[in-house]
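K.L.:
Mind looking at a prediction? Sequence and model below.
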Amino acid sequence: MERTEQRNQIVRSESRLIAGVCGGLAVHLGIPVNYLRIGFLGLTALGGAGVLLYAWLWVFTPSAEESKAGALRSRGTGPRTLAEEMGRVQQGIFSPREMSEKLSSWRETLIGAALLLVALLALGQWLGLNIRWDLIWPSLGIIAGVLLAWLQVDGQHLDGDRKAKALVFGRLILGLLLAIGGLLAILSGSVSTSDLLGGMWAALAIITGAVVVLLPWGARLWRDYLSERSNRQAAAQRADFAAHLHDSVLQTLAVIQKRSDDPAAVRTLARVQERELRAWLYETEELDEKDVVVEIQAEADNVEKLMLRDVDVITVGNARGFDGQQSLVAASREAMMNAAKHAEGRISVFVECSELLIEVFIRDRGRGFDVDGIDRDRYGVRESIIGRMQRAGGQAAIRSGETGTEVELKMPRNSSQEDTES
């Protein structure tokens, strides 16, 4: 059965010159973005149809940030408590998604009102009214320039990389040119060219003088604003850090004090807390819960808590959704449980995910055993590890000696069956 290819949802692109409409359409239609931009410019020359179409798509097409926020909400992000919300309001902290939603609401309202106004004017001209389009189009240019500049007044844009800052600066310049061009177009109908140029030079001189006078004061205000924002962010980070330490480290220390007569339990609690704290401090991106690395780490944590043994896990790469993933995780769990039951010392687990193969090594420092001498009624190694891997299309090898045992699990990575990131 032939499978039809589905197009991506239309979302306004993050890589944008104005609003990302052309970029989103280019991804959706699978054509170069420059062709669409030329097409919109051509439609704009034909009575302004390109501007109306662009504005309509701007209003009714979600941005990439809003689409991602909707996906997060659909997965059910955990709600914050009332105290957390009050603290965020007092500190003025809002997430990028919340800021995007606040800007999107009033932006769509303004653009919708402008579209309605243009539609009413077009209807009036169709009914025979004398519509001064020579004044309306420059006025719309002024409004568009002002809105485009105002949309950039958002703190999250200032924290981006150089490319993001350059885009913001480019949009500000474009908005300024639209506003100035609209003003010049309106004034050119009632003022001669020489008077218009003279007025422009006079205005430029006045603006330059005002900038020179107010520049030190403005620079000081800007430095104060940056300092205040930095202090607010640092305070929020300290509050989050203190809350996490209270909920994790301090609680674990209280439990350790109560169980100080059980060395194995104390050691296990300390190791679990150490791993959790390291993951919280140094983890830069959150892995998918379906990732094989996350599942094997969770099984190792369970073995450590259940058997009160130290299990060290080292991972390289990540993978999810491949054939035989659950069999690989189950075989790894069985190998870790056997090592915890029959061997002494630490248990080491190494997971490596390459493009073609997933490999898991479970090593212990026990006395070892004779693999060929396992009784036929003992299914732990023969069926739960070797047989399970073979039935799923993988391989399992066990090497055991006086210095310990190593279980090697290999599973081919079937990329055609994997989940892909959109």
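P.N.:
Nice, thanks for sending it over.
K.L.:
what's the longest helix in the chain?
P.N.:
For the chain, the helix that runs over the most residues, judged by DSSP state H, is helix 193-245.
K.L.:
other SSEs contacting it?
P.N.:
Counting by 3 or more CB pairs under 8 Å, 6 or more residues apart in numbering; DSSP states H and E, the packing neighbours recorded for helix 193-245 are helix 82-91, helix 162-187. To be clear about C-beta, it is placed using only N, CA and C from the backbone, and glycine gets the same treatment.
K.L.:
which one of those has the lowest average pLDDT?
P.N.:
Per-stretch mean pLDDT for these is lowest at helix 82-91 (a mean of 44).
K.L.:
low-confidence ranges in the stretch 251-400 of the chain?
P.N.:
282-289, 376-379 (pLDDT under 70).
K.L.:
right, I mislabeled it, should have said the stretch 1-150 of the chain
P.N.:
Residue ranges of the stretch 1-150 of the chain with pLDDT under 70: 1-9, 11-18, 45-49, 59-60, 62-112, 114-115.
K.L.:
Other residues contacting stretch 314-332?
P.N.:
Defining contact as CB atoms under 8 Å, 6 or more residues apart in numbering, one finds that stretch 314-332 is touched by 287-288, 290-297, 299, 348-354, 358, 360, 362, 384-385, 388-389, 391-394, 396, 409, 411-415, 417-419.
K.L.:
List only buried entries from those.
P.N.:
Among the contacts of stretch 314-332, those classed as buried by 16 or more other CB atoms under 10 Å are 291-297, 299, 348-351, 353, 358, 360, 362, 384-385, 388-389, 392, 394, 396, 409, 411, 413.
K.L.:
now, which of those residues lie within strands?
P.N.:
348, 349, 350, 351, 353, 358, 360, 362, 396, 409, 411 (DSSP state E).
K.L.:
Look up phi and psi at the spatially closest residue to residue 268 that is not a sequence neighbour.
P.N.:
Once flanking residues are discounted, residue 268 sits nearest to residue 308: 4.9 Å by CB to CB, 6 or more residues apart in numbering. In this entry, residue 308 is assigned phi and psi values of phi 60, psi 50 (degrees, to the nearest 10).
K.L.:
okay but residue 308 is in contact with residue 265, surely?
P.N.:
Yes. Between residue 308 and residue 265 there is a contact at 6.3 Å, judged by CB atoms under 8 Å.
K.L.:
For residue 316, the count of nearby residues, please.
P.N.:
Each residue near residue 316 was counted by other CB atoms under 10 Å, and the total is 11.
K.L.:
I'd like to know the beta-bridge partner residues of it.
P.N.:
Following DSSP bridges, residue 316 is listed with bridge partners residue 352.
K.L.:
Kindly calculate the angle that the longest helix of the chain makes with helix 162-187.
P.N.:
Interaxial angle, helix 193-245 versus helix 162-187 (axes from the mean of the first three to the mean of the last three CA atoms, to 10 degrees): 150 degrees.
K.L.:
quick revisit: where's the residue nearest to residue 268 relative to residue 150, distance?
P.N.:
Distance, residue 308 to residue 150, by CB to CB, to the nearest Å: 61 Å.
K.L.:
name the helices or strands packed onto the one helix or strand residue 269 maps to?
P.N.:
Using DSSP states H and E, the element containing residue 269 is helix 263-282. Using 3+ CB pairs under 8 Å, 6+ apart as the contact test, the elements touching helix 263-282 are helix 251-258, helix 292-307.
K.L.:
Now with 10 Å, please.
P.N.:
For helix 263-282, the packing partners by 3 or more CB pairs under 10 Å, 6 or more residues apart in numbering; DSSP states H and E come out as helix 193-245, helix 251-258, helix 292-307, strand 311-316.
K.L.:
Using CSV, list the CA coordinates for it.
P.N.:
What follows is helix 263-282, C-alpha atoms only, in CSV (Å, rounded to 0.1, in the frame of the first residue of the first chain):
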residue,chain,number,x,y,z
PRO,A,263,25.1,1.9,56.0
ALA,A,264,23.8,0.3,52.8
ALA,A,265,20.7,2.5,52.8
VAL,A,266,22.7,5.6,53.6
ARG,A,267,25.1,4.9,50.7
THR,A,268,22.3,4.3,48.3
LEU,A,269,20.4,7.4,49.3
ALA,A,270,23.5,9.5,48.9
ARG,A,271,24.3,8.1,45.5
VAL,A,272,20.8,8.6,44.2
GLN,A,273,20.8,12.2,45.5
GLU,A,274,24.2,12.8,44.0
ARG,A,275,23.0,11.6,40.6
GLU,A,276,19.8,13.6,40.7
LEU,A,277,21.7,16.8,41.8
ARG,A,278,24.3,16.3,39.0
ALA,A,279,21.6,15.8,36.4
TRP,A,280,19.8,19.0,37.6
LEU,A,281,23.0,21.1,37.6
TYR,A,282,24.7,20.0,34.4
